[in-house]
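Asks: the following comprises the amino acid sequence and a computationally predicted model.
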Amino acid sequence: MDHPRRLQVLQAIVEDYVHSREPVGSQALVERHALGVSSATVRNDMGVLEEEGLIMAPHTSSGRIPTAKGYREFVDRIAAVQPLTPARRRAIQTLLEGADGIDDVMERTVRLLSKLTHQVAVVQYPSVSSAALRHLELVRMDEHQVLLVVIPTDGRVSQRMLRMPEPVAESVVLDARARLLGAVVGHPLAGAGAAVMAAAQQAPPAEQPLLEAAAAAVAAVLDSASGQRMLLAGTANLAQSTDDFRRSIGPVLEALEEQVTLLQLLSEMEQDERGVAVRIGAEDSSDPLVETAVVATGYGPQRRAKLGVLGPTRMDYPQTMAAVRAVASYLSRSLPS
């Protein structure tokens, strides 16, 4: 849109509707915004905006509300994401710095983001492919049982009990542990199981059964972690926005529960020069998220994992974009390294 005043009118309609939930009329715009023109001129501008599909009349009243296209135009015109207030930044930092382990970090993140935006918050766990082995431990429990502890750089701690058919001496466990630490610490997770097996093949015969069992266990741990994991918080916020969904809210809740659609959407979203990605509505009317907006960004190594919020298209985009980007920044710094 190249008409500055009509853009100003569109922005005013979006801002008023987001905060009031009521269709916006020309007289209200003149009274609340310094447009510098009469209500008749604003009505004419609103007529053009409606013809362009940027606003619509939800019923026969004179008020108008933004369409998905109108929200898109509004969001694209936001020149830069504004920083959060110092108080909110301190709250984010304090909450995430007090977390204990990756699961606690993820849970605190979605609760915090949901509270800041009053929307459904979602966070993907860091990708296994982007992590490496930070530590690997073997602990002899008794002559037939050895505890394997796997700690990747993403902070997830996994344990497997290795049950050995033949007795294993403490000295064998200590030697095998030293061999593993030298062979695989810092190794990318993608090939960690193979690296452990290679170490087993080069080990003395006394260590080989234990190292082979450890290789199989490491591979199993990584297989179980390779699927994309996601946490949600704030789903109850949708219950306060049922009027924003002309259709049933049921398909949205089902998509959140199944997670597949949302995971696919997040994987396809690419952030812009402002550091966020915003998806408003959908071209396919059968899409369960057609009446929603998603604001997301990447975090962590190579920013592969995503976090963001989902809500109705009637969303406070400037504040939501700021909150998502700020939380992502603090989350990246809070991850175990």
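Replies: Perfect, I can see it now.
Asks: in the sheet, who's paired with the residue lying closest to I55 once chain neighbours are set aside?
Replies: The shortest distance from I55 to any non-neighbouring residue, by C-beta to C-beta, 6 or more residues apart in numbering, is to R64 (4.3 Å). The C-beta positions use only the backbone N, C-alpha and C, and glycine is treated the same way. In this structure, R64 bridges to V24 when assessed by DSSP bridges.
Asks: offset the numbering so it begins at 19, please.
Replies: Done: numbering now begins at 19, and the last item shifts to R82.
Asks: hmm, R82 is touching E68, no?
Replies: Yes - counting by C-beta atoms under 8 Å, R82 touches E68, with 6.6 Å between them.
Asks: where along the stretch 219-355 of the chain do the strands fall?
Replies: Per DSSP state E, counting those that start in this stretch, the stretch 219-355 of the chain carries strands over the ranges 248-251, 295-298, 310-317, 323-330.
Asks: hang on, the earlier thing: what's the pLDDT at the residue nearest to I73?
Replies: Each residue has a pLDDT score; the one for R82 is 92.
Asks: what's the neighbour count on it?
Replies: Using other C-beta atoms under 10 Å, R82 has 26 other residues around it.
Asks: what's the answer for A231, then?
Replies: 21.
Asks: ditto for E286
Replies: 9.
Asks: try E161
Replies: Burial of E161 is recorded as 12 neighbouring residues (other C-beta under 10 Å).
Asks: so where's the stretch 69-218 of the chain uncertain?
Replies: Along the stretch 69-218 of the chain, segments meeting pLDDT under 70 span 78-80, 145-149, 172-173, 208.
Asks: which parts of it are helices?
Replies: 86-94, 104-115, 120-135, 188-202, 210-219 (DSSP state H, counting those that start in this stretch).
Asks: dump these to JSON lines, plus distance to T315 and mean neighbour count.
Replies: Below are the helices of the stretch 69-218 of the chain laid out as JSON lines (distance: least, C-beta to C-beta, whole Å; neighbours: other C-beta atoms under 10 Å):
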{"stretch": "helix 86-94", "distance to T315": "14", "mean neighbour count": "19"}
{"stretch": "helix 104-115", "distance to T315": "14", "mean neighbour count": "14"}
{"stretch": "helix 120-135", "distance to T315": "11", "mean neighbour count": "20"}
{"stretch": "helix 188-202", "distance to T315": "32", "mean neighbour count": "18"}
{"stretch": "helix 210-219", "distance to T315": "29", "mean neighbour count": "19"}
